[in-house]
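> no FASTA, just this:
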C-alpha cells in the first residue's frame, strides 16, 4: 500500500464554500475545515481519494442507473457494480455508512471539493488523467480595439467566427450545469436577404457574452442547429435524458460520417458532431440557413421551439466545468443587443448583470450589437446607442450567403 500526498498537482484545496448535496456523494454536509490535504492511496486498480467529494461542476458527473440504486451494496459490491457499468469511472461513499455508494463518470480528481465525510474511489482502468483546464491570459485592451477585433472575427472567412453566449437557463455567465451553450456567430448567421444576424432570442434575456478565441478548446460538440443541449446526457452532447453509467443504451449521439445517415432523437434533437468535425457541422448550418435540403432539415432541426431554417442558429456546447474554472480569462466582451436595448426591462437587467460581473471577474469592454448591420455589427456601447425597432430595412448584405467557414 503506497501513500502519497494529493496536493497542487493532485489535490490541495482551501475550502470556503458549502458542498453540493446528493450529487456529491449522497448529500454531503458543509465543510468547515479551512485547509485540508487529501491523500490518495493506491489499492491495486483503485485509487482512494480520502475526503474528496466529486460532483457536478466539481470533478465528476453522477450516474443515473437503469437497474436501481446502489444503497444496499458494501464496498466490494460498489466496486463490482462500477466495473460492470461501461461508463463508470468511480464512486463516492459516506464515511459514516458501511453500505451505499454513488457511481460517477468523467472523474477529474484535481477539481473535486473537500468533504471530511466523503471518500471517492477512482477506477484507474477508465479514469482520464491529465490537466483539466487550459491556462490562458487575456490582455485588457481598449474598447475600440476590441470592437475592431470582434468585427474582424465576425467577417473573417478564414476563421470560425465569434463564440457568443446569450443568458438563458443559467446564472448569466457561470455555468450551473456540466455544460454551457454558445453559438458560433459569423456572416452565415445573417438571415437572407435583409437580416438580421440571428442569435439566441435576439439577446433579450440580459447581457450577452463574447468568449475569447481560446474557448474553442473547451468545445465538447457542435450542432448545425439548436441542439437542445440542456436536456441531453454526456455534457449536452448525448441522447436526450439524464446521464447513466449503463452499458445499454449507449448514450452517445455522434453523427454518422455519411450525410445521408444522420440520426436524430425526436423533433429538434439532432445528432452531435465531435470538435474535430466542427467544420462539417458549420457547413450543414450554412445549408440549413439557406433552406437547402439536407437530412435533418425537417426532422432533427425542426420543432415548435426553434425558428425556421432561415432564422436558425447553430450551437456549440462547452465544458461547463472548465469554463467556470477559467472564466476570467475566457470573457472577451459583454454585449447589449439592439433588441435588448429597446426593452427597458432587458436593458436594466443587462446593465445590472454587467456591473455584477465586472465586480466579480474584472473589467471587460461593453459593446453594442446592431443585428441589422451586416458588415460591422459591433460598436462601443453608450447611452446614445440605438437601433431600428422592427424588421431590418433592405440593405446590401451577404445575399447569397456565399461566406465559407474554415476551421
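Great, that's in hand. Since we're looking at a predicted model, the values are computed, not measured.

> state the pLDDT value of residue 64.
Looking at residue 64, its pLDDT stands at 68.

> same check on the one 10 residues further on?
With respect to pLDDT, residue 74 scores 90.

> helix, strand or coil for the nearest residue to it once chain neighbours are set aside?
In this structure, residue 74 finds its nearest non-sequential neighbour in residue 99, 5.5 Å apart by Cβ to Cβ, 6 or more residues apart in numbering. Glycine gets a C-beta too; all of them are placed from N, C-alpha and C. At residue 99 the chain is in coil, as set by DSSP: H, G, I helix; E, B strand; the rest coil.

> contacts only, for residue 99.
Shown in contact with residue 99 (Cβ atoms under 8 Å, 6 or more residues apart in numbering): 71-74.

> which among the residues you listed end up buried?
Neighbour-count burial (16 or more other Cβ atoms under 10 Å) is assigned, among these, to residue 73.

> farthest-separated two in the contacts of residue 99?
Greatest spacing in the contacts of residue 99, by Cβ to Cβ: 71 and 74 (11.0 Å).

> just give me the longest helix of this structure.
Using DSSP state H to define each element, the chain has its longest helix at helix 344-361.

> tally of neighbours for the residue lying closest to residue 341 once chain neighbours are set aside?
Leaving aside its sequence neighbours, residue 341 sits nearest to residue 347 (Cβ to Cβ, 6+ apart; 5.5 Å). When neighbours are counted by other Cβ atoms under 10 Å, residue 347 registers 17.

> quick check: residue 347 touching residue 339?
No: the criterion here is Cβ atoms under 8 Å, and residue 347 misses it with residue 339 at 10.0 Å.

> sorry, back to before: dump the residue contacts of the residue nearest to residue 341.
Contacts of residue 347 by Cβ under 8 Å, 6+ apart are 336, 340-341.

> hmm, residue 278 is touching residue 222, no?
Yes: counting by Cβ under 8 Å, residue 278 touches residue 222, with 4.8 Å between them.

> the two: who's more crowded?
More crowded of residue 278 and residue 222, by other Cβ under 10 Å: residue 222, with 28 against 20.

> doesn't the more buried one fall inside a helix?
No: applying three-state DSSP, one finds residue 222 to be strand, outside a helix.

> over the longest helix of the chain, what's the mean pLDDT, rounded is fine.
The pLDDT scores in helix 344-361 average 88.

> ok, now stretch 380-391?
Stretch 380-391 comes out at a mean pLDDT of 70.

> so what's the residue count around residue 215?
With other Cβ under 10 Å as criterion, residue 215 counts 26.

> surely it touches residue 183?
No: with contact defined as Cβ under 8 Å, residue 215 does not reach residue 183; the gap is 11.9 Å.

> what is in contact with these two at once?
By Cβ under 8 Å, 6+ apart, residue 215 and residue 183 have these common neighbours: residue 163.

> out of the helices and strands in this structure, which is least certain?
Least confident helix or strand, the chain: strand 12-14 with a mean of 33, by mean pLDDT, DSSP states H and E.
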